[in-house]
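> Kindly return the folded structure for what I paste below:
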Amino acid sequence: MPATYHIRIKKEYAMAVIEDLQKKGALELVPEEEAFNVPQWQKDEVRSRIEKYKNNPELLIDEDTFFTMLNQD
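Next comes the predicted model:
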């Protein structure tokens, strides 16, 4: 499963390793402005859920209940 990491390159030789991995298709360099781009569908879903819980506060559960439910599986 691909993962996304943010790295700080501290040694010059490390950049050569990164460039080699990029040439072999093992990694992709993504500009910072693209790395934090939240898709519109995700923003819409969050807004929809916020509205849902504002209109139906009885659907909310507290943190303890959530973790109890999570640990049951």
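
> Can you show me the helices along the protein?
12-23, 32-35, 40-55, 63-72 (DSSP state H).

> With just CA atoms, put the shortest one into CSV.
In this case it means helix 32-35. Extracted as CSV, the C-alpha positions of helix 32-35 are listed here (Å, rounded to 0.1, in the frame of the first residue of the first chain):
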residue,chain,number,x,y,z
GLU,A,32,4.0,21.0,-1.3
GLU,A,33,1.0,22.9,-2.6
GLU,A,34,-0.4,19.6,-4.0
ALA,A,35,0.5,17.5,-1.0
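
> Measure how buried Thr4 is and give me the count.
7 (other CB atoms under 10 Å). Where you see a C-beta, it was placed from the backbone N, CA and C, and this is true even at glycine.

> how near is the closest residue to it other than its chain neighbours to Leu59?
Leaving out its chain neighbours, the residue that sits closest to Thr4 by CB to CB, 6 or more residues apart in numbering is Ala35, at 7.3 Å. Distance, Ala35 to Leu59, using CB to CB, to the nearest Å: 33 Å.

> any idea how far the lowest-mean-pLDDT helix or strand in the chain is from the chain center?
Lowest by mean pLDDT, DSSP states H and E among the helices and strands of the chain is helix 32-35, with a mean of 73. Centroid separation between helix 32-35 and its chain, computed with CA atoms, centre = their mean, to the nearest Å, is 12 Å.
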